[in-house]
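1. For reference, the sequence and a predicted model appear below.
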Amino acid sequence: MPVKRMRSIAVMTGGGDCPGLNAVIRAVVKTAINRYGLEVWGVHDGYLGLIENRMDRLAYNDVSNILTVGGTILGTSNTANPFRFAVQAGRRMLYQDVSDRCLRALADRGIEALVCIGGDGTMATAAQFAKKGLALVGVPKTIDNDLYGTDVTFGFDTAVTTATEAIDKVHTTASSHHRVMIVEVMGRYAGWIALHAGVAGGADVILIPEIPYELPKICEAVLGRSRRGKRFSIIVAAEGAKAKDGRMIVRTRIAGSPDPIRLGGIGPWLAQEIGACTSLECRAVILGHVQRGGTPTPQDRALATTLGHAALELLMKGVKNHLVVLKDGQLSSLPLHRVAGRIRTVPAHHALVRAARAVGTSFGV
Ligand code: F6P
């Protein structure tokens, strides 16, 4: 039987924004229009736009001049879950499954498939939609680099570049004031940003969730440097760094969000504790959302373009409900259900961890 030719698709960006999203949108839309003459719709604000039935046609010119621009022209949301959508009912919050409403919004416009650009939360929801019969392809995004099944996500290289530049700047002020400076970076439950930026920035101590730290060991490392005449130290701490006793610093909880926990605050906490135990002057810098902003690096632009194009080609080949991945330098894809609910963390004996140890970096153990 001949395969029915696809005519109309939609594209959306979900979860936290990151540099390179626009480059993917551009690659998807240009490939769809140039090579296949498809009609393309852009969903506003991720799953929230699907729930609220907000989408517009995207023309070729709508995606011109966006390759180098950070953020997403479509907008995004990391709090709306169509399978557990929070609705205020008086003083109470009710959670409803509004996924059928989303499917209707697509079907009413004749949209046959969706390209979902997002991280693990977005892919977990995409896998649920796939079970309901929606044809979709996922594109892995996140500065955290923690998406299961792919070696790298776009946005990571830019975040590491930004974090490294910040560490370099902190270095000079730490050295001038003979201080311990703690730079807190993002990454959720994975230490990829801290590890890469920490090594690139020559951090003396790197703290990541995968290697639980002991406070006395961090203080020893810092005091040891003082004894050797090094009058300053740089500590790079992942926001999700965990103490041996399991302590993690949670900034806030967002009800209804697919991942309600927001980490953050370990930097100032460490500054206080290390100051108290070493009597050295400590300061903390929280890089926060700066890491998600700005123009994508050339590497991220190229990766985003490759992945966006690959997603569209997969759809046109009839492959559905897969995530486009880069594995050992090769493009391939994985079924969404294999990716959903899993994250990729730093192996404790990763080459970069071993190299960092070899050059004298402490992991607080
Ligand atoms: O997943 C990307 C990320 O920036 C994490 O590194 C961070 O923990 C989280 O999002 C912050 O989320 P929000 O933008 O909701 O504060």
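-> Sure, I can see it.
2. give me the low-pLDDT residue ranges for the stretch 51-200 of the chain?
-> For the stretch 51-200 of the chain, applying pLDDT under 70 flags no range at all.
3. What residue in it comes nearest to the ligand?
-> M186 (3.2 Å; CB to the nearest ligand atom). Every C-beta, even on glycine, is put in place using the N, C-alpha and C of the backbone.
4. Double-check that A159 belongs to a strand.
-> No - using DSSP: H, G, I helix; E, B strand; the rest coil, the secondary structure at A159 is helix, not a strand.
5. any idea whether the nearest residue in space to it that is not next to it in sequence is helix, strand or coil?
-> Leaving aside its sequence neighbours, A159 sits nearest to I143 (CB to CB, 6 or more residues apart in numbering; 3.7 Å). Secondary structure, three-state DSSP: I143 is coil.
6. Spit out the contact partners of V69.
-> By CB atoms under 8 Å, 6 or more residues apart in numbering, the contact set of V69 is 22, 295.
7. picking up where we left off before, doesn't I193 make contact with the residue nearest to A159?
-> Yes - with contact defined as CB atoms under 8 Å, I143 reaches I193; the gap is 6.7 Å.
8. Please say which of those two ends up with more neighbours.
-> I143 (32 against 28; other CB atoms under 10 Å).
9. all strands of the stretch 201-350 of the chain, in order?
-> Along the stretch 201-350 of the chain, the stretches classed as strands by DSSP state E, counting those that start in this stretch are 205-207, 233-238, 250-253, 261-263, 282-286, 322-327, 330-335.
10. can you tell me the average pLDDT over the third one?
-> Taken as a whole, strand 250-253 has an average pLDDT of 94.
11. what sits up against stretch 290-309?
-> Stretch 290-309 has contacts (CB under 8 Å, 6+ apart) with 16-21, 23-28, 31, 67-71, 115, 117, 139-140, 143, 152, 154-159, 161-163, 166, 185-186, 193, 324, 326, 331.
12. How are the helices of the stretch 51-200 of the chain distributed by residue range?
-> Using DSSP state H, counting those that start in this stretch, the helices of the stretch 51-200 of the chain run over 99-108, 120-131, 156-177, 192-200.
13. Which of those sits closest to Y148?
-> Y148 lies closest to helix 120-131 among the helices of the stretch 51-200 of the chain, at 7.1 Å (CB to CB).
14. Report all helices and strands that that closest one contacts.
-> Secondary-structure packing of helix 120-131 (3 or more CB pairs under 8 Å, 6 or more residues apart in numbering; DSSP states H and E): helix 99-108, strand 113-118, strand 135-140, helix 336-339.
15. What are the buried residues along that helix?
-> For helix 120-131, a neighbour-count test (16 or more other CB atoms under 10 Å) marks 120-130 as buried.
16. Show me which of those residues is closest to A200.
-> Nearest to A200 among those: D120, at 25.1 Å, using CB to CB.
17. ok, that closest one - contacts?
-> When contacts are counted by CB under 8 Å, 6+ apart, D120 touches 142, 146-148, 339-343.
18. how much space is there between it and D168?
-> Note on D120: its distance to D168, by CB to CB, to the nearest Å, is 30 Å.
19. Enumerate the residues of this protein near the ligand.
-> Counting by CB under 6 Å from any ligand atom, the chain comes close to the ligand at 16, 78, 119, 142-144, 186-188, 239, 262-263, 292.
20. what ranges do the helices span in the stretch 251-365 of the chain?
-> 266-278, 298-316, 336-339, 351-358.
21. Pick out the shakiest of these, pLDDT-wise.
-> helix 336-339 (a mean of 94).
22. what sits against the spatially closest residue to H337 that is not a sequence neighbour?
-> Spatial nearest neighbour of H337, chain neighbours left out: A127 (5.0 Å); criterion: CB to CB, 6+ apart. Shown in contact with A127 (CB under 8 Å, 6+ apart): 321, 336-337, 339-340.
23. Tell me the bridge partners for A86.
-> Y95 (DSSP bridges).
24. could you list every residue that touches it?
-> By CB under 8 Å, 6+ apart, A86 lies in contact with 93-95, 255-256.
25. Now with 7 Å, please.
-> 93, 95, 255-256 (CB atoms under 7 Å, 6 or more residues apart in numbering).
26. Also L58?
-> So L58 contacts 29, 40-42 (CB under 7 Å, 6+ apart).
27. Measure how buried the nearest residue to I211 once chain neighbours are set aside is and give me the count.
-> Leaving aside its chain neighbours, I211 sits nearest to F363 (4.6 Å; criterion: CB to CB, 6+ apart). A count of neighbours around F363, defined by other CB under 10 Å, yields 23.
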